[in-house]
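Trainee: Need the 3D shape of this:
(one chain, ligands or ions: 1)
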Amino acid sequence: MKFFVDTAEIDQIKELNDLGMVDGVTTNPSLIAKSGRDILEVTKEICSIVSGPVSAEVVALEADDMLAEGRKLAKIADNIAVKVPLTWAGLKTCKTLTDDGIMVNVTLCFSANQALLAAKAGATFISPFIGRLDDLNMDGLELIEDIRTIYDNYGFETNILAASIRSANHMSECAKIGADVCTAPPNVIKAMANHVLTDKGLAAFMADAEKAGIKIV
Ligand code: G3P
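Mentor: Predicted structure coming up:
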């Protein structure tokens, strides 16, 4: 499973990228706003750091405007994936950009039907939002399972990019289901390493090493 980092914070991207943990980056208007930077400038910098797909989202709502914005975003770098919302305008834009050889990430997906439409429109990535479904006491992971089944039934090549990831458990569960990608905030990726027994075992090893005077010199 590929790891994408869901942030526009350069330092956090660099830190995880140096560890080989970054296969791509996703941003959205809220993350760009949080960065306080110009979208074209910060996206260009991200593309200079990460060789994998970098999702940059349009802010227009009508297809013609989305297409114009998408083409502008695609010009930033070859690894840009233009992010469009799962609306009919977004699906129309997805089809046109995909036909032009531009990667498209269809976002704000909350149902299997929406994911089916995105695959039919040729999306490179579909972004089902797990956490926001869980927030409503619905089952975000069940949506990932449903999309995986449907895409495998018919050989759709659209990559399932599980998004709105809120926990390390989401990461492992998505991997068990067979999501192609998870995009997560840096802190969630870091939390994957945490286990109380690891901490406890390491403390015991260090205490015994000190007691025995073990030195590797
Ligand atoms: O970037 C898309 C998605 O990951 C947003 O996550 O936590 O705002 O629902 P969240």
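Trainee: Every contact and neighbour count from this point should use C-alpha atoms.
Mentor: OK.
Trainee: So D146 is in contact with A112, correct?
Mentor: Yes. Shown here, D146 and A112 form a contact pair, counting by C-alpha atoms under 8 Å, at 6.4 Å.
Trainee: got the phi/psi numbers for the residue in the chain that the ligand sits nearest to?
Mentor: The minimum distance from the chain to the ligand, using C-alpha to the nearest ligand atom, falls at S164 (3.3 Å). When read as degrees, to the nearest 10, the backbone of S164 gives phi 60, psi 50.
Trainee: Next: I214.
Mentor: Here is the backbone geometry of I214 (degrees, to the nearest 10): phi -70, psi 130.
Trainee: What separation is there between it and G201?
Mentor: Remark: distance between I214 and G201 (C-alpha to C-alpha, to the nearest Å) = 17 Å.
Trainee: spatially speaking, which residue is in the middle of the chain?
Mentor: Residue closest to the average C-alpha location in the chain (C-alpha atoms, centre = their mean): T183, at 2.5 Å.
Trainee: three-state assignment of K215?
Mentor: Secondary structure assignment for K215 (DSSP: H, G, I helix; E, B strand; the rest coil): coil.
Trainee: Which residue, other than its chain neighbours, is closest to A77?
Mentor: In space, and not counting its chain neighbours, A77 is closest to C47: 6.6 Å by C-alpha to C-alpha, 6 or more residues apart in numbering.
Trainee: Just the element for that neighbour, please.
Mentor: Using DSSP states H and E, C47 falls within helix 39-49.
Trainee: mean confidence for that helix?
Mentor: For helix 39-49, mean pLDDT is 98.
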